[in-house]
Each structure stands twice: as C-alpha cells, then as structure tokens.
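> Here is a sequence with its predicted model. Questions after.
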Amino acid sequence: MNPVNYVILSAVLFSIGAIGVLVRRNAIIVFMSVELMLNAANLAFVAFARINGILSGQVIAFFVMVVAAAEVVVGLAIIVQIFRTRRSVSIDEPNLLKH
Amino acid sequence: MNPIMASAPALFTIRSVDYRAISPVLIILAVALVSVFVEAFVGRSARRPVQLVLVFGAFLATFIDLITLHATRLVTAAGSVAVDGPALVMQGAIILLAALAAMLMAERMVDPSGDPFAARASSLPGSVDEAEFSARGYFQTEVWPLLLFSVAGMMLFVSANDLLLMFVALEVMSLPIYLMAGMARRRRLLSQEASLKYFLLGAFASAFFLYGMALTFGFAGSVNLGSIADAVSAKPSQSGLLLLAVAMLSIGLLFKVAAVPFHQWTPDAYQGAPTAVTALMATTVKIAAFGALMRVLYVAFGGIRWDWTPMLWIVAILTMVVGSVIAVTQSDIKRMLAYSSVAQAGFILVGVIAVSGKGLASVLFYVIAYGFATIGAFAVVSVVRDASGEATHLSKWAGLGKKSPVTGAVLSLLMLSFAGIPLTSGFIGKFAVFSAAIANGATWLVIVAVIASVVSAFFYARVIVLMFFSEPTEATASVVVPSAFTTIVIAAGATVTVVVGIAPQPLLDLVNNAGLFLR
Amino acid sequence: MNGTVALSAADLQQVTPATGIFTLIALLIALPLAGAAILLLGGRRTNRWGPYLGVLTVTGSAVLAIVMLVKLMSLPTGSRSIGQNLYQWVFAGSFKVNFAFQLDQLSIVFVLLITIVGTLIHIYSLGYMAHDVDRRKFFGYLNLFVAAMLILVLAGNYLLLYVGWEGVGLASYLLIGFWQYKPAAAAAAKKAFVINRVGDVGLSLAIMVMFVTFGTVNYSDVFGSASHASQGTLTAIGLLLLLAACGKSAQFPLQSWLLDAMEGPTPVSALIHAATMVTAGVYLIVRSNAIFDRAPWAAGMVIAIGIITMFMGAIIGSAKDDIKKSLAGSTMSQIGYMITAAGLGPIGYVFAIFHLLTHGVFKAGLFLGAGSVMHGMKDNVNMRMYGALRKVMVVTFITFGACYLSIIGIPPFSGFWSKDDIIHAAFERGTLIGVAGVLVAGITGFYMTRMVAMTFFGKARWEDDAHPHESPKVMTIPLVILGVGAVVLGMALLFWGNIKTWLEPVTGLTEAPTVIPDWAIMTISLACVLVGAAIAFVMYARRSVPTTAPRGSWLTRAAREELYGNEVNNTLVVRPSYYASRVLNWFDARAIDGFVNGLGGFTGAAGTRLRRMQTGFARSYALSMVGGAVLVILALVLVRL
C-alpha cells in the first residue's frame, strides 16, 4: 500500500482530534482528542520514515509516546483536581476567569 | 533492498557529547532530581531550608558555569544542542529571572498564612482538610523540584538545534508550570481553572507543533535544524508540505509567546496563577519561547523568509493592536499586565521580522529588559493586598501612590518603561527593535508599532494616574512590608530598568557580541 | 526661496569640545534636577524649606547661563558651538549615540529664556501657591520641568532631545493635573498626554528614519549629510518633525489640548504653556533647518499649518470669556506666527526665534498678570465678572498694559519689532502669507484690547463677595521685571544684542531683496492693529458688558467651542478608537463564544443557551487558535501564489 495514504490518514486523525477539542465538553474527552492529535503525528512520523527511508522517524515516535505519557500524568492530575472541586469535568464550567 | 536496513548501521554510531558545554542544563537537572529525593526523604521541617539551598545553589552554580562558558560556540550531541551566543545569553537571563521568581515563591511574610502556595494542592478548596492543613501550619515544597525542571526545560528550549529535542524541552518546560499555576493558596478555584485552561490549550498547541515537526520530517528527512535548512535550499519545489510545516511549527511557538490569535489563555492563566508563578510565566517562558521561535525560523527556514515574513507581519500587527486595545478596557491589574504582555510580544515580533543579526540582538535586548521590568511589576502586585489577599482590582489601587509613595513610584517607573519612555530600558528596547525593522524595510510595520505603543502608553499611564491622581478610599489596598526576598526582586526590577535605560551599553555589547545562531 | 538656500549650521561652524566654564553645561541641568529629586523624594521633611530650594536651584542655573552667555560672546563667531560629551550612551554596531550636550547661539538663548523666566515664575509661585498644601510637590514638578526643558534645548543629538521632549511632556502632564481633585484638571492632563503622544509618534519615527538614512542622530552629522539624502526622505523627515512640533506647540490639528491645559495653576500656564514648552516645536524646526531647507514641500506645509493655527488661535481668543483660555488662544496664534516664520526658510528662522523670545517674556507677563487678577478675584476667571480693576490693582494694570502694548505690536515695545520682522519676511515669500500676518495682527489688537477693556476698564461687575486687592510683593516684583522686559527686550536684542547676526551661524541668515519697503508694511499692520483695538475698545470699554455672555454670531459661538476642535477629534479619532475597542472586546467575548456554543448545539449538546453570552470557555480559545491556524496557513500559502 502506498505509504502516502498513511500520511493522509494521519491528517484525518489530526483533524478529528482538533474538532474533538472544539466540540466536546468533557475535559477527559477533550484531552483524549489532544492525545489523538499527538498520535496522528506519530503515524505521520512513521509513514514519513517509510517514505524517506530513514529510521529515525520511528525513534521519534517513541520519544513522543513518552512525552505524551508524561502529559497524561500532568493532565489527569489537573482534571481530577478540578473534578474533585466541582464534581464535574465539563470544561465549560470553570469560567470564572473571563473578559 | 530495503532502504531502512541500509541506513541502519549509521544510526547506532556513538556520537560524542561535549558534557562541559551542556553542563548548565545538567546541573539544573541533577539538582532537580536531588530535589525530588529531598521531598521523599527529608523531614518536613527541614525540607524548606534544604530546598531553598538547593535551588539557589543550583542557580548560582549554573550562572557561574554560564559565565565561564561565555565564549563557547559549538554544536554538540549529534547536532541536537547548539551552545551559541544567543543561547548562552538567554540561558543567563532565564537563570537570573528564574532566581528572582524563586524569591517571590519563597516569600513568606506577605501572605498572613505564611506561604503563597496551597498547603496541599490535593486538598479540596473549602474543605475540612484544607482548613486543618492551614491550621497546622503545613506548607508544601513541591514547587521547588517543579521549578527546577521547568527551568531546565527552558534552558534546553533555547539551545535545542533539533526539533525533537525542542519538543521534549517544550514539554519539560511547560508541564511543571501547568501544575504550579494551579497551586495558589487563595482563590483556588481561579487558580485551578487557570491551570486547566493553560494545560488544555498548551497541549493543543503542542500537538500543532508536533504535527508540524512530522511534516518537516516528511519534507527534509530529518528534524535537525541544520539539515532542514539544507533541504529547504536544495528542493524548493515541494512547497506545499514545507509551508504547512512552517505554519504548524509557528502556531505551536506563537502560542507560547502569546501572539494574537493564540493569546487567549494568557489573561486567564496570568490572573488565576499564583503571582510568583505568573512572574515566571511572563518572563522566562517568554524569553525561551522567543529564543526557540527565532532559532526555528532563522536557522531552519531562513531560506524561505519571504514566505513567512508576511504571515508574521499579520500576526505582529494583530498582536500589537489587539493586545493594546483590549488592555485599555481591563480593570484587573494582572489581566492588564497579561494583555500588556501580549502587546509587548507584538513589539518583539517586529524585531523578529527584521530577520537579521541586528534584529536578533535587539530582540535579546528587549526580552531581557522587559523581563526585569515585568518581574518587578508582578512583585509589586504581590505586595498590594487587602483582607481577601492580593488586591488586583484596579479600583483598589486608587490613591495607592499617596499611601505608599515608594511602591507607587517604582511601579510608575516600570509602567513608563513598558510604555517606552526615554531613560528607561523599555525605550532603548523599543528603539533597537524598531530601528532593526526599519533597516530591513519594514517601515509600515514600525509605524503601526509606534501607534500601538501610543495606545499602550495610555493604559500604562492610567495606572500611574490612578495611583497618584486619585484620593485613597476605604477600599484602597495597602502595601504589605515584605521580607528581603520580594524587596530584592522589586529593587532588581527597578534598578535594571533605570540602569539599562541610562547606560544600556553593557547589555547592548552583550547582545551584540552574542552573534548569530549556530547550526 | 530656493535661491536663498544657503549655508546651514553644519557648514558654517564646527562643534568644539567644552573647556573652562563650559565644562559645567551639565550642571545647568543637574541643579534643577537635583532640586526635583530632593523635593519629590524627600517627602514632608522638605515641606518647610523645599520651595525656597526650588527657587535657588533655578536661580543658580540662570546665573550660570548668564556667565556662559558672556563667555560665549567673547569667543570668535565661528567657534561658538560647544559640545560636551558625558559618556557614550548607546553603541550598537554602527549606531552610536553619546549622552552629549551642545551649547551654541541657538541653545543659549533658549537656556536664558527658560532659566530667567523660570526663576521669575518660581519666585511668583512662592506667593501664588502660598496657601497650597502640596506646594513642595509643585516646586518639585516645576524643577523637573526646567531640567527636562534644558535637556531638550541642550541636547547634542535627536535621541537626547527626545528624552527632554518626553520629560517636558511628563512634567506638563503632572502640572496640568496638579489640582487633580478637579475632574476638569485630571481630564485635561490626560488629554494633553494623549494628544502629545500623537506628536511623539512623529518625533520617534523621524529619529528612526534619520538613523536608517544617515546612520546617526547627531545634529552635526545629520545636517552635514542632509544634502546626500533623497528629496523624498527629507520630506518624510520634515513632515514627521512637523507632526511632532504640532503636538508640542499646539498647532492645528493637534491644538485642542492647550486650552484645556489652562486648568493647571497659573504659573504653570505662564511657564510651560506660554513661554517655554509650547515653543519647543519652533525650536525643533529651527534646529532642523538643514532638513527643511532641502525639503521645500515640507517647509510649505509648515507655513500652511502656521497660518491656519494663527487664525484659529486669534478667533478663539476673541470669543472666550475665561481670561486664561483667551490668553491660551493668543498663545496658539502667536506660536502660529513663529511656525510660519520657521517655514519661510533662512529669512524666517531668526525672526521665529526673535519673536519666540519676546513672546516668552510678554506672554509670561500677561499670564502672571492674569494670575494676579485671579488672585485678587477669588480665582474667578470670567472676565465678565471683572471690570474697572485698574484702580485697585495698579501694578498689575501697568505691567499687564506694557505686555499688552507689546503683544499687539505698538512701537517701540518688544512685540512690535519681532512681529513686524515676521510680517516683512512673509511678504518676501508671498503676498498672501504677508496679508494673513497683517490680518491676524489686527485680530490680535481686537482680542487683547477686549481683554484689557473687560478686565481693567468699564464698570465693576464684581461678584458680591469679591474684594479685589493688589497681590503681594513676591508676585508683583516678577511682574514688574517681565513688564520692563516687554518694553525693552525687543530693542535690546535688536540693537544691542544684534540677534540676527548672533544666530546667523546656526540658521544661515540671508537678507532677501526687499519687495515692499519696510515702512509701508509697518504702517499697514499698525493701522490694522489700531482698527482692531478701537473696535474692541468701543465694544467693551465704552458700552456696558453683560455679565452673562450673549448668544453671539455663529462665529462667536464656534470660537467659544474652540472652533469645534474637540468635536472633530471626537468624531475622527476618539469615537472610532472607542468603538474599535468595544468591537474587539465584543468579538473576543461574544462572537467567538456565540459561534462555539452554536457549534456545540449543532453537535447535539443542549443546555448551553444560558451561557451563550458568557465567556471564559477554553473551547472558544481553542477555536480562535484554529482560526489563527487557518490564518497562518493562508498567509503562508497566499504569498506563494
């Protein structure tokens, strides 16, 4: 299969992730959408590694996974804290800071 | 023949690393790890002094190390770290400003309960737990390892010559700050909200950066800035992929510098975060972000500057105009300073657009001068308090200059510097940035910039007028006498602003001798 | 006119390093600056002796300035330009700026005007502000102003001039708003600040263009290489400098702040808004003569602006019943004369400065006289409530009268010589310009006579509780000195000081061929003045003046509204920027969120209707980032197309 298709798939996944961030209200799902965007990038890295014939793209994908894992730790900590305070994970609810 | 197999052996060649050259980052990282262990193994009462010694010791050692390294110009670690003049200057500035921010974090005389951070970040706001922690006089020291990791990330961010390392550094810099933003002792709902918004939007922006990095990799077959530059000059035909890559990378970095329309997190995060953390975000992060932005655009994509300068023109104009205009309508001093930092980012972008050695030097000068003025301003904000904590609403600042002339005078000085009035560092900074841009033909941009700076002068002057030309009322806050920590920060901010304004030569020499980015 | 483009300053004389007494140039500035620092930072401890210290520092500067003048006069003509370099201020690559002062024939006359008139006004303020609780601060601000103004005129390069330029702006702002408990004063201070910043845009851009064109901002280097720059660049610099001058000198279209600035204490109006600061624009243009000489189009604009303001100021001055605002209109008008003269080129520069000096003295005298009247009338500024004061305030009346005869240009009073010269030079340039000068001289005669008649003649229309009395000695002595100055200064400068040849090395004077003989112009303008004065005298001294202003003709009403300058500003500048700010805020707050919430509803989520109008949603921020992403991508792609 033509590896360019994977690049296109990654772009579709990235867009789905971005739209998810915009339209979903649940902080966990918003966060998952961001992770989807990161993984779309991973897919692009691997696909480009194949296209360019350079292995380092795959290695980069591992780096990104590690960083994403760290981000999950921090993100969940913040979201859980908000949930405990407000009994809700809607990201529309914390809006004391505005204007 | 599988091409991947053919190139495999080269991947595992052991590259030499010049540990001496990257020692400043290593020192901070090592101390950060020690600091984590201190949290785990040192008794509660001894933790704070030990952490303070570690943090300030690490900053001191790193700064001395940077001074001994000042003439180093090399690229090491398989081309992924550039230890060059701009990187060293920015690292030095980051260390100094982070040390000042750390002093604000260490301040314990300002808040009556003894600490600017929540006793336990995990306790619920308003819960029995929280009350008990406070009653027992608990305080937390987890901010210190977080601070050190964040500073290590910033230092790597400005010297990363490789998009992958830059991405990792970006996250190492940002993740601790997301957490610290949510740790305020008072108004915890606001603080947590700031943390959540900053985090989600920051992660969103990182995703853009990462995808841009993937596209760059697809275009150039490498994420090393030097190799990207070679690929850019070698094959200008694949323009679609390249332009998309530049766009995505720029979005990630413009978010960090708080350029319009990627700025909306700024006022919320600045207002909600503990003021000491806001000071850190507004100064060191801004320096780091501009360093990385310029390195990516200048080193990797300098060959297609005519493609991205118009985009930056639009962003810079939007940033200056929107930042200045909205700041005029703000009624909270921290939000006003946030919009002011947006506007200032626009002025700095004018220098970035110059795409020249002069432009680089002027941006370095500007961010350093701006950093010291900003940290001084936030330090002043942190000592103006009433019964509910920091009095950030501007109505509570009416007549403050008459109640506390020295505090009022210092803040007025810093405001004049932001506005770019002569004999302050802000004037020299603006002059340097704007003349670099004019020298490169961006005259119209500078005209817009000067007009925006006039608008901005208005809201800076408004604070001065409020403090000195209004009578104090019942609601006027009072200035708490801080310990030596905050006093040092305020004094440093004011002193640097005046000295650099009157005798800018040493700092100008420093940034001019820094030279260009290596690749 | 181009036939007369002659030698400019840089061609004529070199700057020589300071020696002897001239090494003390910095002390001229340091004295009042130290005074300001002590008074403002010293706090209440200095309350008792502070004002006297303020007077002393300025007096010290004045004495030093006089010594320097004497010394300068003893030097040969070509070496009267002294430079003192304190230290290298900015050095970035090829860009060098020294913290350097330059004392030459032009700056010394300004230094003398600032310090001597400044000293008199400081002394006067001892009496005028005697009962003000904040008078220590007042003297601190006044000292700060004097220091900044001296920096402005002594600077050896444009960057340092800019420092002084901003400094006087700041001091003026602080002093206009000195009685900040009056809302009008606070508003006036803000207005002056904002409008002045518009002018500052011009100056800062001019400096940057100069730097990029010439690689330097030193006076001597810029003027020396001005001939190598293109016509377009020089015109641009000239117009930007003119914008700066318009802001600082209250010229059309940036004139509206000056009338409001009269909310400040009267000594401030005299020193800053009549004698010195507002003339900084004239100084700037005359100093930059090498640029304007080579940019005739820009010089033409200077003349146009000058003439427009000359008329506007005179018309406003004729209708205002507030004595200070009427004087402010007169100041605008007189500065219009100077600006016009400065636009005339080498034949006009000297006369611009000559008129500036005489005006500085007699207008300060008029303002202090007005202050003395107000002092006796319980701070009432309405001239319709005055009348017949000549008998109770004799000294004020006589000194005010001397200044009055000077400003309307009756020989041999000072104003006659300087104004006559300008009108004469204007006729050389073009008959219309000259006619404008003569007409405005006539209007000047009208409004000044109206002022004198309403204040000192006619019947007493005092309010019941007013008990007019002569002011104390500390106020009348400066009045007397200024009054004497108004009588003799013109002759002294012309015949004894020989101001024309004195300034020649800086301004490059050339005597143009005479078209119309001197005496003819003199007679015509004098006749005009006398007609104007006679009309005013009949209207306001012989007939009774109603205590409430009659409705008046459309012109009177327009003039009372300051020829709708504020309305024009509001419509063209203030309201659009106000709405722009509102719209941006609304867009930030509502439009993006409304759209996002609509999108949320579209995907099936309900219950957000109530929050539709609210803000602070992280998702709306994300949407604006996506919008930004689209913008960035489009901007990049469209460039390629």
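That came in fine, so what should we check first?
> what about the spatially most central residue of chain A, which SS state?
Closest to where the C-alpha atoms of chain A average out (CA atoms, centre = their mean) is A:E35, at 2.0 Å. In the three-state summary, A:E35 is assigned as helix, counting by DSSP: H, G, I helix; E, B strand; the rest coil.
> what's near enough to touch it?
With contact taken as CB atoms under 8 Å, 6 or more residues apart in numbering or on different chains, A:E35 is in contact with A:G17, A:A68, A:E71, A:V72. Using the backbone N, CA and C atoms, a C-beta is placed for each residue, glycine as well.
> again, but for B:L312
Taking CB under 8 Å, 6+ apart, one finds B:S250, B:L297, B:L349, B:V352, B:I353 in contact with B:L312.
> how distant is stretch A:72-88 from the center of its chain?
In this view, stretch A:72-88 has its centroid 17 Å away from the chain centroid, taken as CA atoms, centre = their mean, to the nearest Å.
> can you tell if it touches chain C?
No: against chain C, stretch A:72-88 shows no contacts by CB under 8 Å from any CB of the partner chain, the least distance being 11.2 Å.
> And the helices in chain A, which stretches?
Using DSSP state H, the helices of chain A run over residues A:4-23, A:27-52, A:56-86.
> Which single one of the contacts of B:L312 is nearest to chain A?
Each of the contacts of B:L312 was scored against chain A by CB to the nearest CB, and B:S250 proved nearest at 15.9 Å.
> three-state assignment of the closest residue to the closest one other than its chain neighbours?
The shortest distance from B:S250 to any residue that is not its chain neighbour, by CB to CB, 6 or more residues apart in numbering or on different chains, is 6.0 Å, and that residue is C:V632. Using three-state DSSP, the structure places C:V632 in helix.
> who's in contact with C:V632?
Residues in contact with C:V632, defined by CB under 8 Å, 6+ apart, are B:A247, B:S250, B:I251, B:L254, B:M311, B:V315.
> Also B:A61?
By CB under 8 Å, 6+ apart, B:A61 lies in contact with B:I27.
> cool, A:F45 as well?
Contact partners of A:F45, counting by CB under 8 Å, 6+ apart, are A:G57, A:Q58, A:I60, A:A61, A:V64, B:A214, B:F217.
> that older thread, any idea which of the contacts of B:L312 has the most stuff around it?
Using other CB atoms under 10 Å in any protein chain shown as the neighbour test, the contacts of B:L312 are led by B:S250, with 29 neighbours.
> my read: it touches B:W308, true?
Yes: using CB atoms under 8 Å, B:S250 makes contact with B:W308 at a distance of 7.0 Å.
> what residues are shared contacts of these two?
In the contact map built from CB under 8 Å, 6+ apart, the residues linked to both B:S250 and B:W308 are B:L297.
> The helix or strand hosting B:S435 - contacts with which helices or strands?
Here B:S435, judged by DSSP states H and E, is contained in helix B:425-439. Helix B:425-439 sits against helix B:333-353, helix B:357-383, helix B:405-419, helix B:443-469, helix B:484-502, strand C:82-92, helix C:183-214, with contacts defined as 3 or more CB pairs under 8 Å, 6 or more residues apart in numbering or on different chains; DSSP states H and E.
> I'd like to check the angle between it and helix B:357-383, please.
An angle of 150 degrees separates the directions of helix B:425-439 and helix B:357-383 when computed by axes from the mean of the first three to the mean of the last three CA atoms, to 10 degrees.
> how about helix B:425-439: buried residues?
B:425-439 (16 or more other CB atoms under 10 Å in any protein chain shown).
> from those, which is closest to B:F459?
For the buried residues of helix B:425-439, the minimum distance to B:F459 (CB to CB) is 14.3 Å, reached by B:G426.
> Quick check: pLDDT value at the nearest residue to the closest one once chain neighbours are set aside.
Distances taken as CB to CB, 6+ apart put B:S417 closest to B:G426, at 3.6 Å, once the chain neighbours are dropped. What the model reports for B:S417 is a pLDDT of 94.
> in chain B, what spans have low per-residue confidence?
By pLDDT under 70, the low-scoring segments of chain B are B:1-15, B:236-238.
> Which stretches in it count as strands?
B:74-76, B:81-83, B:384-386, B:389-390, B:478-479 (DSSP state E).
> quick check, the second one touching chain A?
Yep, that's strand B:81-83 we're talking about. No: residues of strand B:81-83 contacting chain A under CB under 8 Å from any CB: none, with a closest distance of 15.3 Å.
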